[in-house]
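Undergrad: what would the 3D arrangement of this be:
(chains A, B, C and D)
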2 protein chains.
Amino acid sequence: MRPLNPKSNEEILAIAIPLFAKSGYSGVSMRNIAEKVGVSPAALYHHFSGKETLYLAAMTQTFVDKAAILKEILGSRAAPEERLAQFVARFCELLDQDNDFSMLIQREIMDGDKSRLQFLATEVFHGLFQGVIELCRELDSLKDPYLTAVSLIGVVMYHFQVAVLKPYLPYSREHYNDPQVVAQHATKFILQGLKTC
Amino acid sequence: MRPLNPKSNEEILAIAIPLFAKSGYSGVSMRNIAEKVGVSPAALYHHFSGKETLYLAAMTQTFVDKAAILKEILGSRAAPEERLAQFVARFCELLDQDNDFSMLIQREIMDGDKSRLQFLATEVFHGLFQGVIELCRELDSLKDPYLTAVSLIGVVMYHFQVAVLKPYLPYSREHYNDPQVVAQHATKFILQGLKTC
DNA sequence: ATATACTAACTTAACGTTCGTTAATGTAAT
DNA sequence: ATTACATTAACGAACGTTAAGTTAGTATAT
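TA: Numbering: from 1, shown residues only, chains lettered A, B, ... in the order given. Below is the predicted model of the structure:
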C-alpha cells in the first residue's frame, strides 16, 4: 500500500541525528533508526543510498545549520569586550539548547577520517574560528591569537562537555548547569584570568 | 598445543586500550582485538569473561594509572602560581604523551552509563578536581572555585582534543602542537586572561 | 469520464557477513 | 594426571543491504 503518511528525508534525519549523537556511527543500526522513525529498515534505502550516506547527511544538516548561527553570533559590532560577552552568552545558550551539536562535533573529531575532518574544519569551524581569532586580536594584540582562540572556545565548550559528569563531582551545585551562570563566569575568566588585578 | 608465548592480561589490555580509544566500544570487535594480540578470539575468554569485562578492565587500568600521576602533579608545595605553572606543564606533557588517555575519558563521558560515569568521577576526577579547586581558591578566593576549576582543566584539555583538527584550521602552525608551547600559553591565559593589566 | 500506465513510498523476506560467545578438543609444562 | 592456555568449529543473533511485490496517488491517452 502507498503510505498515508510518507516520511521525508528531513523527518528521518531529525530522528537519526540524536541517535548518532548519543551512540555514534557504529552504535546505531539502520534497524534502530527505522524503528524509531516508524518504518521498515528497507524504507530508509529509498531515501538514502546507505548508512554512510545517511550519517553524512545527518552531519551536514547539523553542522550547516549551526554554522549559520555561529557566524551570526560573531557579527555584532559592539566594542570588543561587549562582543566577547555576547558571543560567550549566545554560545552557551546554543550548547545548552542543542546537546546533539557538541556531541556530534566530538564524535567527528574522534571518529572522522581525513576528508570528514576537513569538511568539519572548513564548513563549521573555519568561519567561527576566524571570527574568534579576530576578536582575540582586538582584545589583546600581544598574545598569540590562535592559541588564545582555542583556549577561549575550550573554556566555553568544556563546561558543557563535562556536564554529564558534574553530578558526581565534589562541590557540585544545581545552578552550575545554568547557561547564563556559565556564560558569566566564562566571560570573566577569559577577560581577567585568575589574578585579581 | 600449549602456546610457547602465553599472553598475560596486561599484554591483552595493552593492545585493547588503544583500539577502544580509537574506535570506541562498539567500533571494536573481539575478533579485532584477538587478531592484533595474535591469538584466536576464543582465547580472550580465558582471560576475560566477556567484552564488557575486557572493556572495563581497559578503562580501569588506564584511569587508575593516570590518576596516580595526576595526583602526584598536584602534590608540589610551591607557591600557588608556581604550582599552577608546574601543574599545567605536566598535564600538557601527559596529554601529549598518552593520546589514548584523553580519548578514553571523552568516550566514557559520551558513552558511559550512570555507574561507569560514577566510577570515572570518583576514581579519576575526584582527587584531581579537589586539588585543582583548592589551587583555584588559593589563587583567587573571590571567584567560584568550582567553575574556575572546570575552566582551567578545559583550557588545557581542549588544546589536545582539537589537535587532530588543527592542520585544517586557518593560521595553524607546527609549533602549536608542542606541549611546552601550549603549557606556557595556557598558564598565562589562566593567570591573566585576555586583558593586559 | 474512464481506462491505462507510471511512479513514489513503502512492505516482507531473504542474502551473506560479522558479531559475541560457547563447546569440545588439544598440547606442553608442572 | 592435572592444569594453564590455547585451538577449531559452531551457535544464534544482529548487521547492512537487496530483491520482489504491493498499493495509493498522478499523469496521460482515449
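
Undergrad: going by C-alpha atoms from here, please, whenever you check contacts or count neighbours.
TA: Noted.

Undergrad: check what pLDDT A:His47 gets.
TA: Model confidence at A:His47, given as pLDDT, is 97.

Undergrad: point out where chain A drops to low pLDDT.
TA: Scanning chain A for pLDDT under 70 picks out A:1-4, A:196-197.

Undergrad: report the longest helix in it, please.
TA: Looking only at chain A and at elements set by DSSP state H, the helix with the highest residue count is helix A:51-73.

Undergrad: now what about that helix, what contacts it?
TA: A:13, A:16-17, A:20, A:25, A:30, A:48, A:86-87, A:90-91, A:101, A:104, A:120, A:123-125, A:127-128, A:131 (Cα atoms under 8 Å, 6 or more residues apart in numbering or on different chains).

Undergrad: does it reach DNA strand D?
TA: Yes: shown here: helix A:51-73 in contact with DNA strand D (Cα under 7 Å from any atom of the strand) through A:Lys51, A:Glu52.

Undergrad: show me what whatever helix or strand comes next after that helix is packed against.
TA: Following helix A:51-73 in sequence order, the next helix or strand is helix A:80-97 (DSSP states H and E). Under the contact criterion of 3 or more Cα pairs under 8 Å, 6 or more residues apart in numbering or on different chains; DSSP states H and E, the helices and strands touching helix A:80-97 comprise helix A:51-73, helix A:126-139, helix A:145-161, helix A:179-192.

Undergrad: buried deepest among those, which one?
TA: For those, the largest average neighbour count (mean count of other Cα atoms under 10 Å in any protein chain shown) is found in helix A:145-161, namely a mean of 22.

Undergrad: report whether that one contacts chain B.
TA: Yes: interface with chain B: helix A:145-161 contributes A:146-148, A:150-152, A:154-159, A:161 (Cα under 8 Å from any Cα of the partner chain).

Undergrad: then that helix to CSV, C-alphas only?
TA: The C-alpha trace of helix A:145-161 is given here as CSV (Å, rounded to 0.1, in the frame of the first residue of the first chain):
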residue,chain,number,x,y,z
PRO,A,145,45.6,34.9,18.7
TYR,A,146,45.5,31.4,17.5
LEU,A,147,46.3,29.7,20.8
THR,A,148,44.1,32.3,22.6
ALA,A,149,41.1,31.4,20.4
VAL,A,150,41.5,27.7,21.1
SER,A,151,41.6,28.4,24.8
LEU,A,152,38.6,30.7,24.6
ILE,A,153,36.5,28.1,22.8
GLY,A,154,37.7,25.4,25.1
VAL,A,155,36.7,27.2,28.2
VAL,A,156,33.2,27.5,27.0
MET,A,157,32.7,24.1,25.4
TYR,A,158,34.3,22.2,28.2
HIS,A,159,31.7,23.2,30.7
PHE,A,160,29.1,21.5,28.6
GLN,A,161,31.2,18.5,27.7
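
Undergrad: so can I have CSV of the helices and strands packed on helix A:80-97 showing distance to B:Ser141?
TA: CSV is the format used below for the helices and strands packed on helix A:80-97 (distance: least, Cα to Cα, whole Å):
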stretch, distance to B:Ser141
helix A:51-73, 32
helix A:126-139, 25
helix A:145-161, 20
helix A:179-192, 13
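
Undergrad: closest to B:Asp96 out of those?
TA: Closest approach to B:Asp96 among the helices and strands packed on helix A:80-97 (Cα to Cα): helix A:145-161, 16.0 Å.

Undergrad: between that closest one and helix A:126-139, how big is the angle?
TA: Angular relation of helix A:145-161 and helix A:126-139 on a 0 to 180 degree scale: 110 degrees, by axes from the mean of the first three to the mean of the last three Cα atoms, to 10 degrees.

Undergrad: picking that back up, if any of the contacts of helix A:51-73 are buried, put those into a PyMOL selection.
TA: A single PyMOL command suffices to select whichever of the contacts of helix A:51-73 are buried according to 16 or more other Cα atoms under 10 Å in any protein chain shown:
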select buried, chain A and resi 13+16+17+20+25+30+86+87+90+91+101+104+120+123+124+125+127+128+131
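
Undergrad: and stretch A:113-130, is it in reach of chain B?
TA: Yes: Stretch A:113-130 lies in contact with chain B when judged by Cα under 8 Å from any Cα; the contacting residues are A:Leu117, A:Gln118, A:Ala121, A:Thr122, A:Phe125, A:His126, A:Phe129, A:Gln130.

Undergrad: the last one touches A:Val150, doesn't it?
TA: No: between A:Gln130 and A:Val150 no contact is recorded; they are 11.0 Å apart, counting by Cα atoms under 8 Å.

Undergrad: what's the closest non-adjacent residue to A:Gly193?
TA: B:Gly193 (3.7 Å; Cα to Cα, 6 or more residues apart in numbering or on different chains).

Undergrad: phi and psi next, for the one you found.
TA: For B:Gly193, the backbone dihedrals are phi 70, psi -160 (criterion: degrees, to the nearest 10).

Undergrad: contacting residues around it?
TA: Taking Cα under 8 Å, 6+ apart as the criterion, B:Gly193 is in contact with A:Phe189, A:Ile190, A:Leu191, A:Gln192, A:Gly193, A:Leu194.
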